[in-house]
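**Q** Provided below for reference: sequence and predicted model.
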Amino acid sequence: QVQLVESGGGLVQFGGSLRLSCAASGFPLAYYVIGWFRQAPGKEREGVSCIGVDDGSTWHADSVQGRFTSSRDNANNTAYLQMNSLKPEDTAVYYCAVGYGSGPCGNGMDIWGKGTLVTVSS
């Protein structure tokens, strides 16, 4: 079964850290770009970070630049989003997704996880 499963979300205080995991099954993650997205209550989904196939290219939204880092472990078919210096405005459901293409974000995402909730208290 082809699927992505996020984990690692939870409640954290302002300034804290979390590491989200995205476990892929049913396909080899190594051939896909990986994107992280989030959707806060009442807001549209937004892109947070992407990491390219070769692991050398990444993109981060301005709002998380310098605080969030994407990485991938192709051998374990898992991707990660390290989130530091968390702020209340980072509260959202976080999704991972994969797609094809060049560059860190490819040409769009084809497979999506169901998300994990991150709540940052002030």
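**A** Arrived safely. Numbering: from 1, shown residues only.

**Q** quick one: pLDDT of Glu46?
**A** What the model reports as pLDDT for Glu46 is 97.

**Q** please name the residues that touch the residue positioned nearest the centre of the chain.
**A** Residue closest to the mean C-alpha point of the chain, counted by Cα atoms, centre = their mean, is Trp36 at 2.8 Å. By Cβ atoms under 8 Å, 6 or more residues apart in numbering, the residues touching Trp36 are 20, 22, 47-50, 68, 70, 81, 94-97. Bear in mind the C-beta positions are built from the backbone N, C-alpha and C, glycine included.

**Q** may I see those arranged in CSV, with neighbour count as well?
**A** Below are these laid out as CSV (neighbours: other Cβ atoms under 10 Å):
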residue, neighbour count
Leu20, 23
Cys22, 27
Gly47, 16
Val48, 24
Ser49, 26
Cys50, 23
Phe68, 21
Ser70, 24
Leu81, 26
Tyr94, 23
Tyr95, 22
Cys96, 30
Ala97, 24
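
**Q** looking at the residues you listed, which is nearest Lys87?
**A** Each of these was scored against Lys87 by Cβ to Cβ, and Phe68 proved nearest at 11.2 Å.

**Q** could you measure from the closest one over to Gly42?
**A** 22 Å (Cβ to Cβ, to the nearest Å).

**Q** rewinding a little: just the contacts of Trp36: which are in strands?
**A** Residues of the contacts of Trp36 located in strands (DSSP state E): 20, 22, 47-50, 68, 70, 81, 94-97.

**Q** contacts only, for Tyr100.
**A** Tyr100 neighbours (Cβ under 8 Å, 6+ apart): Tyr31, Tyr32, Val33, Gly106, Asn107, Asp110.

**Q** so of those, which ones are in strands?
**A** Among the contacts of Tyr100, the members falling in strands (DSSP E) are Val33.
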